[in-house]
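Engineer: any chance you could fold what I've pasted below:
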Amino acid sequence: MPNPSTYPYRRFPTIQVGAADHAARGTDAVKQELHALCAGSSKTVVTVECYPGTDQAEILALFPHAELIIHADDLAIQPAELDAKIEHELTDDPVFGIMTTWQMKNFYPEEALCAARGKIDAVTDGLVLVYGVGASLVERADITIYADITRWEIQLRFRKGQDNWHTAMHDLPQRAKYKRGYFAEWRWGDRIKDKLLPVFDYYLDTTSAGNPAIVPGTAYRDALSKAAAQPFRMVPYFDPGVWGGDWMKTHFDLPENGSNYAWSFDGVPEENSLLLDFGSCVVETPALNLVYAHPRELLGDCVHARFGKEFPIRFDMLDTMHGQNLSLQVHPLTEYIQSHFHMHYTQDESYYLLDAAGEAPCVYLGIKAGTKPEEMIDALQTAQNGGKPFPAEKFVNKIPVKKHDHVLIPAGTVHCSGADTMVLEISATPYIFTFKLWDWGRVDLDGKPRPIHLEHGAANIQWYRNTEWVHRNLVNAVAEVYSGENGTVVRTGSA
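Structural biologist: Numbers count the residues shown, from 1 in each chain. So this is what the prediction gives:
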């Protein structure tokens, strides 16, 4: 591991993209831009399409006096009716739902949209402002502004008490809010965003509460084009967890949080953001926008043909140094995730050991030879019901690891990293589709047990991946590609 003082970890990596006059930050600066935008015409219809989770009151406060203001959220069906429509897709499971098949337009009656258009057409002079989620459905804009926010910031606001968009259910647990966002709201918002990305006139960054930034659409799209043509990093974020350790805190100079840092998401476009440096200010934007704008440049034709506008690989870090084991878990097979959750690919992954310490660092990987499936499932069920703790080492291989080891974890393989390891997890990107089998009898940071999904897990365990198979196929599967006077190139992992 390089000395951090020589190669410091960049917590806020920026991408140089534009001229200093292309963007402005701060409430007053944005107000000035908008005032100039709305002046000098007898009638100007400004539409501000908002991503679900933006602070719409903050957006409304940015605008000068308007002759007519239409709040798009008021044109949607009633919150309780919307809740009922998506109840089946959200399911009663505490973690998993079904990827929504609804679109935002399904929640806006055509008669309400027509009435709004009639009110706009009746105005002859001055500013008409249409703002909110679904504002672009009114289809009367002279100027379209897209108000955006990162998913991580939405999650932080959920934790502070913010509700989901347009729901009659308030003060839900954070996990339930995230679930609704992940399976429903963010999907609706992403579809509108993808449609507007090539055409909106201005981009409004609302991620920093009370400190918005604005950039012309042409400059924003040019910035994404420049980012797609160069190496770049996303903005990482860090979060504590019940099993977390202290490696990242010391190596990355993270702020004291009174706890550990278990997770780092450092390369997940659907979750992380980009910092676009325009010289005069830095604009934060979801990295997913880059995938939507330039999928072929990022993915190549073959990968794009398979995955569409999704970046099918993720990089995150799992820190258990002086911490605890992760939950014993398994990821769904491709056919299972498709049939049960409407997700079209699954989470094959690998662990690269950035560091390992302590007396016996290890990973749990695959089923021990001779294990009887029914006996293992019965032991897991007994433990889940409050009986005898699950004897993991009786059924699952406990494999010693050291720094720089690499283990593969194809979907369907029982696994977890043990305590005193620092793992770089490289995987496909369905984010949350982890079926926990056993959580070592502990509670989460909120004092409640984390959900176990034994039925899902049992349906996906590949029992043939026993001790011999795991060691032959999954542990340090390194092949030499080239060796010469300038060095050696090896491939670790699948071909």
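
Engineer: packing partners of the host helix or strand of Arg221?
Structural biologist: According to DSSP states H and E, Arg221 maps onto helix 217-228. For helix 217-228, the elements it packs on are strand 14-16, strand 202-205, strand 273-277, strand 282-286, helix 288-293, judged by 3 or more Cβ pairs under 8 Å, 6 or more residues apart in numbering; DSSP states H and E. All C-beta atoms are positioned from the backbone trio N, CA, C, and that covers glycine.

Engineer: adding mean pLDDT, mean neighbour count and distance to Trp247, write these out as JSON lines.
Structural biologist: Output for those, formatted as JSON lines (pLDDT from 0 to 100; neighbours: other Cβ atoms under 10 Å; distance: least, Cβ to Cβ, whole Å):
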{"stretch": "strand 14-16", "mean pLDDT": "95", "mean neighbour count": "16", "distance to Trp247": "25"}
{"stretch": "strand 202-205", "mean pLDDT": "98", "mean neighbour count": "25", "distance to Trp247": "32"}
{"stretch": "strand 273-277", "mean pLDDT": "97", "mean neighbour count": "23", "distance to Trp247": "24"}
{"stretch": "strand 282-286", "mean pLDDT": "97", "mean neighbour count": "24", "distance to Trp247": "27"}
{"stretch": "helix 288-293", "mean pLDDT": "97", "mean neighbour count": "22", "distance to Trp247": "28"}
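
Engineer: looking at these, which is nearest to Glu375?
Structural biologist: helix 288-293 (44.0 Å; Cβ to Cβ).

Engineer: sort out which residues of the next helix or strand after that closest one are buried, please.
Structural biologist: As assigned by DSSP H and E, the chain's next helix or strand after helix 288-293 is helix 295-299. Residues Pro295, Leu298, Leu299 are the ones in helix 295-299 that count as buried (16 or more other Cβ atoms under 10 Å).

Engineer: tabulate those residues (a markdown table), appending distance to Gly258.
Structural biologist: Putting these into a markdown table (distance: Cβ to Cβ, whole Å) gives the following:
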| residue | distance to Gly258 |
| --- | --- |
| Pro295 | 41 |
| Leu298 | 38 |
| Leu299 | 40 |
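
Engineer: of those, which is the nearest to Thr413?
Structural biologist: Closest to Thr413, out of all of the buried residues of helix 295-299 and judged by Cβ to Cβ, is Leu299, at 26.0 Å.

Engineer: list the contacts for that closest one?
Structural biologist: Applying Cβ atoms under 8 Å, 6 or more residues apart in numbering to Leu299 gives the contacts Val291, Phe307, Phe311, Pro312.

Engineer: circling back: need the contact partners of the helix or strand just after the helix holding Arg221.
Structural biologist: Sequence order places strand 237-239 as the next helix or strand after helix 217-228, per DSSP H and E. Residues outside strand 237-239 that contact it (Cβ under 8 Å, 6+ apart): Trp152, Met248, Phe252, Leu254, Tyr261, Ala262, Trp263, Ser264, Phe265, Glu271, Asn272.

Engineer: ok, now with 10 Å
Structural biologist: Residues from elsewhere that reach strand 237-239 (Cβ atoms under 10 Å, 6 or more residues apart in numbering): 11, 150, 152-153, 155-156, 244, 248-249, 252, 254-255, 257, 259-266, 268, 271-273, 317, 319.

Engineer: return the very next helix or strand once past that strand as CSV; C-alpha atoms alone will do.
Structural biologist: With elements assigned by DSSP H and E, the helix or strand that comes after strand 237-239 is helix 247-251. The C-alpha trace of helix 247-251 is given here as CSV (Å, rounded to 0.1, in the frame of the first residue of the first chain):
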residue,chain,number,x,y,z
TRP,A,247,-8.7,1.2,8.4
MET,A,248,-10.4,3.8,6.2
LYS,A,249,-10.6,6.3,9.0
THR,A,250,-6.8,6.2,9.5
HIS,A,251,-5.7,5.7,5.9
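
Engineer: now do helix 247-251: distance to the chain's middle.
Structural biologist: Relative to its chain's centre, helix 247-251 lies at 23 Å (Cα atoms, centre = their mean, to the nearest Å).

Engineer: dump the helices and strands packed on helix 217-228 to a markdown table, plus distance to Glu374.
Structural biologist: Shown next, in a markdown table, are the helices and strands packed on helix 217-228 (distance: least, Cβ to Cβ, whole Å):
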| stretch | distance to Glu374 |
| --- | --- |
| strand 14-16 | 54 |
| strand 202-205 | 55 |
| strand 273-277 | 47 |
| strand 282-286 | 46 |
| helix 288-293 | 43 |
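
Engineer: which parts of the stretch 1-150 of the chain are helices?
Structural biologist: Here the stretch 1-150 of the chain has its helices, by DSSP state H, counting those that start in this stretch, at 27-38, 56-60, 79-85, 87-90, 110-122.

Engineer: out of these, which is closest to Thr285?
Structural biologist: helix 27-38 (15.5 Å).

Engineer: just how off-centre is that closest one within its chain?
Structural biologist: Chain-centre distance of helix 27-38: 31 Å, with Cα atoms, centre = their mean.

Engineer: just stretch 353-371 next, same as before
Structural biologist: Distance of stretch 353-371 from the chain centroid (Cα atoms, centre = their mean) equals 28 Å.
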